[in-house]
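Visitor: turn this into a structure:
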Amino acid sequence: MSAAEDQADVDRVLAGDVAAFEGIVRRWQGPLVNLAYRFSHDRARAEDMAQEAFLRAYRALARWRREAAFSTWLFALAANLYRSELRRIPARVLPLEDVPELHGAAGFDAALEAEERDRSVRRALLALPAKYREALILFYFHEQDISAAAASLGIPEGTVKARLSRGREILRGKLSKVVAEGLVSKEVP
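Guide: Model prediction:
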């Protein structure tokens, strides 16, 4: 449904109805801010970056070739902008070696354990090198398939597959203790 709505709104904007861009912003604001947040780890900066992505998308609407879905084009434009912005002003990144392991989860209730595991996974993901982190975020968090992620990142599909595999391998190694502790704590009555 949103693909047809996107198409109709783009056509209306290109025909001179500037207000039609509001529909695009309403549909895609949340996902673009979330994507920017995963790049920058700063909510205010993410909102600014998403706003800039919408401005650039508006200016470039006539260049959308319609070979792919509008959302793929929009996410590719936004991801490129976000990467450029982070090269200009890098986000603070925690080295993978400094990501703390979970210890002694016994004694906490299940919700607290799950929250702590989620934080550890997020920290480990954010500590990955950018090329692996970006592929994992697009594939798992934004639920893009391989071809959409490849288009968003501007790289071949095989490269996305390799980055996903390597990123998962790094995360698996870093988080093996977290997962093992989580499984052990679930088995104990």
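Visitor: how about the least confident helix or strand in the chain by mean pLDDT: buried residues?
Guide: Using mean pLDDT, DSSP states H and E, helix 110-127 stands out as the lowest-scoring helix or strand of the chain, at a mean of 73. Buried residues in helix 110-127, counting neighbours by 16 or more other Cβ atoms under 10 Å, are found at E113, E116, R117, S120, V121, R123, A124, L125, L126, A127. C-beta: built from backbone N, CA, C; applies to glycine.
Visitor: who touches the helix or strand that comes right after that helix?
Guide: Next in sequence after helix 110-127, counting helices and strands by DSSP states H and E, comes helix 130-136. Under the contact criterion Cβ atoms under 8 Å, 6 or more residues apart in numbering, helix 130-136 has outside partners 38-39, 79, 83, 86, 125-126, 128, 149, 153, 160, 163-164, 166-168, 170-171.
Visitor: show only the entries of those found in helices.
Guide: 38-39, 79, 83, 86, 125-126, 149, 153, 160, 163-164, 166-168, 170-171 (DSSP state H).
Visitor: tell me who's in contact with T72.
Guide: When contacts are counted by Cβ under 8 Å, 6+ apart, T72 touches Q144, A148, A151, S152.
Visitor: please report how far it lies from I24.
Guide: 14 Å (Cβ to Cβ, to the nearest Å).
Visitor: where does the record place the domain boundaries for the protein?
Guide: What automatic domain parsing lists as the domains of the chain is 2-88, 96-187.
Visitor: least reliable of the ones you listed by average pLDDT, please.
Guide: Least confidently modelled of the domains of the chain is domain 96-187, at a mean of 75 by mean pLDDT.
Visitor: now for the contacts of T72, which pair is the farthest apart?
Guide: Q144 and A151 (8.6 Å; Cβ to Cβ).
Visitor: now list the buried members of the ones in helices among the contacts of helix 130-136.
Guide: 38-39, 79, 86, 125-126, 149, 153, 160, 163-164, 166-167, 170-171.
Visitor: can I get the contacts of T72 in JSON lines with neighbour count and distance to V13?
Guide: Conversion of the contacts of T72 to JSON lines gives the following (neighbours: other Cβ atoms under 10 Å; distance: Cβ to Cβ, whole Å):
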{"residue": "Q144", "neighbour count": "21", "distance to V13": "24"}
{"residue": "A148", "neighbour count": "21", "distance to V13": "23"}
{"residue": "A151", "neighbour count": "22", "distance to V13": "22"}
{"residue": "S152", "neighbour count": "26", "distance to V13": "22"}
